[in-house]
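J.: Quick one, fold the following:
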Amino acid sequence: MRIAVMAAGAVGGYFGARLAAAGHDVYFIARGAHLEAMRKDGLRIESGHGDLHLPKPNVTDDPKSVGPVDIVLFAVKLWDTEKGAEAARPLIGPNTKVITLQNGVDSYERIAPIVGKEHAVPGVTYVVATVVRPGVIKQTGPFHSIICGAADGRPDAGLEAFVNAAKADINVSLSDNIERDRWQKFVFLTGTSGATSVTRSSMGPILADPDMRALFRNIMAETLAVGRAKGVALDPGYVDERLAFADKNLLPGMKASMGNDLDRGNRLELDWLAGQVSRLGKELKVPTPVNDTVYAALKLFRMGTRA
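T.: Residues are numbered from 1 along each chain as shown. Below you'll find the model as predicted:
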């Protein structure tokens with residue numbers, strides 16, 4: 001398939017590289033030092049699922065030079081969502097599907113008015129990946145999956161074609177309830193991002209310490225309560241299921257992407273994670289004191305600390 005990765009950061013670059021190595025026609029949209037490194041030395045993936053090197057990836061900073069594709073893997077940072085969607089418009093043809101692979105829980109609603117509801121597809125990804133230096137992406141942990149599905153729940157031939165073509169190369173599946181799946185990811189992500197950022201710790205010590213473990217659980221419980229208040233079909237037992245999942249599957253040194261960004265002095269997606277829970281809680285009259293505190297504690301760092 002003809003696939004564009006918008007943009008080729010840690011998440012988009014990882015999945016795009018897997019698809020390119022499998023023979024799909026993949027175009028990476030990148031910028032800055034990452035773009036130059038990919039042009040000079042290619043794109044490298046370091047992963048327990050197998051390292052790979054694309055010596056000459058199709059990489060550009062100009063979507064117009066690529067033209068329409070079958071699939072856009074949309075993985076820009078949350079603050080660039082609208083800008084990225086506008087930039088992606090040259091990639092969209094009559095049957096193109098733009099699959100959101102972002103954090104947060106409102107990416108589809110933000111891009112649909114720009115790229116068109118008939119093109120926008122809500123997606124969820126579970127992967128821990130970091131750009132360790134320009135041109136090099138490191139993926140850690142056992143999970144690296146994509147879940148996607150039409151917002152209205154109806155069958156979509158274009159989306160099904162992508163899943164069928166790509167599922168042998170990456171862990172991708174169609175959802176029968178993408179709204180539920182989006183919120184399940186959001187529950188877990190607000191927990192890991194909030195806990196690892198506000199404590200400046202990786203998940204191993206958090207899970208081992210009763211007080212920090214309670215912090216992690218309470219962040220997730222508040223997020224789940226907000227989702228249920230919005231009418232999303234979330235099982236009340238999901239929080240404890242995620243705790244058990246974390247005990248079994250998260251590497252002790254794992255941090256959420258926001259925790260890694262905080263360590264590096266980068267801008268944070270805080271406003272769309274703990275901040276989003278806090279705002280929705282106020283709108284829906286659901287108390288969210290732990291997420292409120294996480295947001296307040298990190299607010300001064302949300303634009304980054306680099307000069």
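
J.: quick one, helices of the stretch 1-150 of the chain?
T.: Here the stretch 1-150 of the chain has its helices, by DSSP state H, counting those that start in this stretch, at 10-21, 32-41, 81-87, 107-115.

J.: Hmm, I typed the wrong one, I wanted the stretch 151-300 of the chain.
T.: Under the criterion DSSP H, counting those that start in this stretch, the stretch 151-300 of the chain carries helices at the ranges 157-166, 178-199, 203-208, 210-229, 238-249, 257-264, 274-284, 289-298.

J.: Just name the most buried of those helices.
T.: helix 178-199 (a mean of 24; mean count of other C-beta atoms under 10 Å). Using the backbone N, CA and C atoms, a C-beta is placed for each residue, glycine as well.

J.: count of neighbours near Asp62?
T.: The number of residues packed around Asp62, counting by other C-beta atoms under 10 Å, is 10.

J.: Quick check: the gap between it and Ala85.
T.: For Asp62, the distance to Ala85 under the criterion C-beta to C-beta, to the nearest Å works out to 16 Å.

J.: Equivalent analysis for Phe188, please.
T.: For Phe188, the distance to Ala85 under the criterion C-beta to C-beta works out to 25 Å.

J.: do Leu251 as well
T.: Here the criterion is C-beta to C-beta. By it, Leu251 lies 33 Å from Ala85.

J.: Domains in this structure, by residue range?
T.: The domain map for the chain lists 2-176, 180-301, with the assignment taken from automatic domain parsing.

J.: Now tabulate those in a markdown table and tack on mean pLDDT.
T.: Conversion of those to a markdown table gives the following (pLDDT from 0 to 100):
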| stretch | mean pLDDT |
| --- | --- |
| domain 2-176 | 95 |
| domain 180-301 | 97 |
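
J.: Next, the contact list for Ala233, please.
T.: Under the criterion of C-beta atoms under 8 Å, 6 or more residues apart in numbering, the neighbours of Ala233 are Asn177, Arg180.

J.: What is the neighbour count of the residue lying closest to Ala20 once chain neighbours are set aside?
T.: Of all residues beyond its chain neighbours, the one nearest Ala20 is Val26 (3.9 Å), with distances taken as C-beta to C-beta, 6 or more residues apart in numbering. Other residues within reach of Val26, judged by other C-beta under 10 Å, total 27.

J.: wait, Val26 sits on Asn58?
T.: Yes - using C-beta atoms under 8 Å, Val26 and Asn58 qualify as a contacting pair, with a distance of 6.5 Å.

J.: Common neighbours of those two, please.
T.: When contacts are counted by C-beta under 8 Å, 6+ apart, Val26 and Asn58 have Ala20 as shared neighbours.

J.: So what does Thr288 have for phi and psi?
T.: With angles defined as degrees, to the nearest 10, Thr288 sits at phi -140, psi 60.

J.: show me what contacts it?
T.: Neighbour list for Thr288: Glu222, Thr223, Ala225, Val226, Val277, Ser278, Gly281, Lys282 [criterion: C-beta under 8 Å, 6+ apart].

J.: Which two of the residues you listed have the greatest separation?
T.: Thr223 and Lys282 (14.0 Å; C-beta to C-beta).

J.: Quick check: the residue of the chain most remote from its centre vs Gly259, distance?
T.: Most distant residue from the mean C-alpha position of the chain: Pro210, 28.4 Å away (C-alpha atoms, centre = their mean). From Pro210 across to Gly259, the span is 20 Å (C-beta to C-beta).

J.: now do Pro57
T.: Taking C-beta to C-beta as the measure, Pro57 and Gly259 are separated by 28 Å.

J.: can you check Ile111 too?
T.: With distances taken as C-beta to C-beta, Ile111 is found 26 Å from Gly259.

J.: Next: Asp211.
T.: As it turns out, when the distance is counted by C-beta to C-beta, Asp211 lies 18 Å from Gly259.

J.: Next: Gly304.
T.: Following C-beta to C-beta, the distance that separates Gly304 from Gly259 is 14 Å.

J.: Could you do Arg31 as well?
T.: In this view, Arg31 and Gly259 are 24 Å apart by C-beta to C-beta.

J.: try Pro134
T.: 21 Å.

J.: and what of Leu270?
T.: Applying C-beta to C-beta, the value for Leu270 to Gly259 is 11 Å.
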